[in-house]
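Visitor: Here is my input, please return the structure:
(one chain, ligands or ions: 3)
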Amino acid sequence: MIAVSAYAAPSAGAPLERTTIERRPVGEHDVLIEIKYVGICHTDIHHVRDDWGRGGFPLVPGHEIAGTVAEVGPGVTKYRSGDRVGVGCMVDSCRQCENCRNGLEVYCTGGGFVGTYADSERYTDGSPTQGGYSTYIVVDERFVLRIPDALSLEQAAPLLCAGITTYSPLRHWNAGPGKKVAVIGLGGLGHLGVKFAHALGAEVTVLSQSLHKQEDGLRLGADHYYATSDAKTFQELAGTFDLILNTVSASLDGDAYLSLLRTDGTLVYLGVPEKPVSANIASLMLGRKSIASSGIGGIPETQEMLDFAAAHGVGADVEVIGAEQIEEAYDRVARSDVRYRFVIDNSTI
Ligand code: NAP
Ligand code: ZN
Ligand code: ZN
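Guide: Numbers count the residues shown, from 1 in each chain. Ligands and ions are numbered 1, 2, ... in the order given. From the prediction side, this is the model:
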């Protein structure tokens, strides 16, 4: 086993503390990655605070991992020492079901994907998975992504979750020239949703709680910016959008947002509200509208997203912090005071 330094939450809601964890020895198809940067996703905070009751403590969060290859197993063909690589939310899946064979590992029906943390390596040795708030990780090459040279590692790290989570639905629901896309919430996911929707050629509107971040939103690529706290917003924008990406995990008024869609429009939930989502069927019927959801994206599409990001100059806007600032960063994310992703410099772990 390989002993590595990490930051872990010892129990639900407890502050993260420095610890040592073990990684498996580098196997035939494994890549040992020296982690340089890891993004702080709001999902990390949900897990550490046990909002979803998933447990798994002591828990090392982190699924926006960017680093370099330190060692490869004898059967590895895609990577060599020194390559710039990333790991996102998954480290394995059944690999045999129809979805896995089609590169939709996130929707694996043969037992589900193995999460990068708070999960177990159920297809191999059953050991618990531990995430990227650590100095090294061992991952099968099938779940390792290549980070193009045009992207800095700190700007690339958040693409591995927040990036693919917004890129995938934009592609699936055909965001592009002539399409009007709205993004609810200008946080980690939201700011990348704006950048990708703009790069794909759509007309982009931010729907934020206030106008505090308006200047940023327009700089990131939005054409319009509205405050959802202003009731006039909902009158003015009624029937406007082909696609709305909702990156907020708080419960929102479903009917109010459905009223902003054009005929055949889709409201996609990316945030995960604690309570079931409700809406009147009439809000869907009168305009043949849809409520949908989407989970990260498969491995081939994640590589496509990274290559697209490099070609279009899309990276995350990051605030790089040391590991001792994790608690402060968590509090700021919880207060929506983040511009727009905290990224940990793993040399401080
Ligand atoms: P984040 O950086 O905290 O951004 C969320 C944004 O939501 C905030 O910046 C804020 O934007 C808005 N917001 C916060 N509280 C709100 C409230 N009470 N009412 C209305 N708007 C509110 O979080 P994130 O990392 O982007 O993650 C967002 C959500 O996506 C999390 O729930 C996370 O678990 C989930 N997620 C899902 C997937 C997936 O596969 N579907 C992947 C990753 C993350 P404004 O200040 O602009 O209003
Ligand atoms: Zn995430
Ligand atoms: Zn599968």
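Visitor: mind showing which ranges of the stretch 51-200 of the chain have poor pLDDT?
Guide: The stretch 51-200 of the chain contains no residues with pLDDT under 70.
Visitor: Ligand 3 contacts on that one?
Guide: Taking C-beta under 5 Å from the ion as the measure of proximity, the stretch 51-200 of the chain contacts ligand 3 at 93, 94, 97, 100, 108, 110. Yep, even glycine has a C-beta here, placed from its N, CA and C like the rest.
Visitor: If any of those are buried, give me the PyMOL selection for them.
Guide: In PyMOL, this line selects whichever of those come out buried by 16 or more other C-beta atoms under 10 Å:
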select buried, resi 93+94+97+100+108
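Visitor: Spit out the contact partners of the nearest residue to residue 214 once chain neighbours are set aside.
Guide: Counting by C-beta to C-beta, 6 or more residues apart in numbering, residue 225 is the residue found nearest to residue 214 once chain neighbours are left out, at 4.5 Å. By C-beta atoms under 8 Å, 6 or more residues apart in numbering, residue 225 lies in contact with 205, 206, 208, 211, 214, 217, 218.
Visitor: Please repeat the previous calculation with a cut-off of 6 Å.
Guide: Residues near residue 225 by C-beta atoms under 6 Å, 6 or more residues apart in numbering: 206, 214, 217.
Visitor: pull the CA atoms of the helix or strand harbouring it into PDB?
Guide: Under the criterion of DSSP states H and E, residue 225 resides in strand 224-227. Extracted C-alpha coordinates of strand 224-227, given in PDB (Å, rounded to 0.1, in the frame of the first residue of the first chain):
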ATOM      1  CA  HIS A 224     -28.400  39.400 -20.100                       C
ATOM      2  CA  TYR A 225     -28.500  39.300 -16.400                       C
ATOM      3  CA  TYR A 226     -31.600  39.400 -14.200                       C
ATOM      4  CA  ALA A 227     -32.400  39.200 -10.400                       C
END
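Visitor: Note down every partner strand of it and its orientation.
Guide: strand 203-208 (parallel) (DSSP bridges).
Visitor: what does the average pLDDT come to for the strand it pairs with?
Guide: Strand 203-208 comes out with an average pLDDT of 98.
Visitor: C-terminal to that strand, what's the next element?
Guide: Next along the chain after strand 203-208, taking DSSP H and E as the criterion, comes helix 214-220.
Visitor: residues in contact with that next one?
Guide: 186, 191, 194, 195, 206, 225.
Visitor: can you do 8 Å?
Guide: With contacts defined as C-beta under 8 Å, 6+ apart, helix 214-220 is touched by 186, 191, 194, 195, 198, 206, 208, 225, 317, 339, 340.
Visitor: any chance of those residues in CSV, plus secondary structure?
Guide: Below are the contacts of helix 214-220 laid out as CSV (DSSP: H, G, I helix; E, B strand; the rest coil):
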residue, secondary structure
186, coil
191, helix
194, helix
195, helix
198, helix
206, strand
208, strand
225, strand
317, coil
339, coil
340, coil
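Visitor: which among the residues you listed end up buried?
Guide: 186, 191, 194, 195, 198, 206, 208, 225, 317, 340.
Visitor: circling back to that earlier point, filtering the residues of the stretch 51-200 of the chain next to ligand 3 by proximity to ligand 1, which remain?
Guide: The subset of those within reach of ligand 1, by C-beta under 6 Å from any ligand atom, is empty.
Visitor: show me the contacts for the closest residue to residue 30 other than its chain neighbours.
Guide: Once flanking residues are discounted, residue 30 sits nearest to residue 73: 4.5 Å by C-beta to C-beta, 6+ apart. Neighbour list for residue 73: 26, 27, 28, 29, 30, 31 [criterion: C-beta under 8 Å, 6+ apart].
Visitor: Apply 10 Å and report the result again.
Guide: Residues in contact with residue 73, defined by C-beta atoms under 10 Å, 6 or more residues apart in numbering, are 25, 26, 27, 28, 29, 30, 31, 32, 79, 138, 140, 141.
Visitor: which residues sit in contact with the fifth one?
Guide: In this case it means residue 29. Contacts of residue 29 (C-beta under 10 Å, 6+ apart): 72, 73, 74, 75, 76, 77, 78, 139, 140, 141, 142, 144.
Visitor: Which parts of the stretch 201-349 of the chain are helices?
Guide: Ranges of helices in the stretch 201-349 of the chain, per DSSP state H, counting those that start in this stretch, are 214-220, 231-236, 254-258, 281-285, 299-312, 326-334.
Visitor: Does the first one reach ligand 1?
Guide: Which is helix 214-220. No. Judged by C-beta under 6 Å from any ligand atom, helix 214-220 stays clear of ligand 1, getting no closer than 8.2 Å.
Visitor: Please export the C-alpha coordinates of that helix as CSV.
Guide: What follows is helix 214-220, C-alpha atoms only, in CSV (Å, rounded to 0.1, in the frame of the first residue of the first chain):
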residue,chain,number,x,y,z
GLN,A,214,-23.9,41.3,-12.9
GLU,A,215,-20.6,42.7,-14.1
ASP,A,216,-18.9,39.3,-13.7
GLY,A,217,-21.8,37.5,-15.4
LEU,A,218,-21.5,39.7,-18.5
ARG,A,219,-17.7,39.4,-18.5
LEU,A,220,-18.1,35.5,-18.4
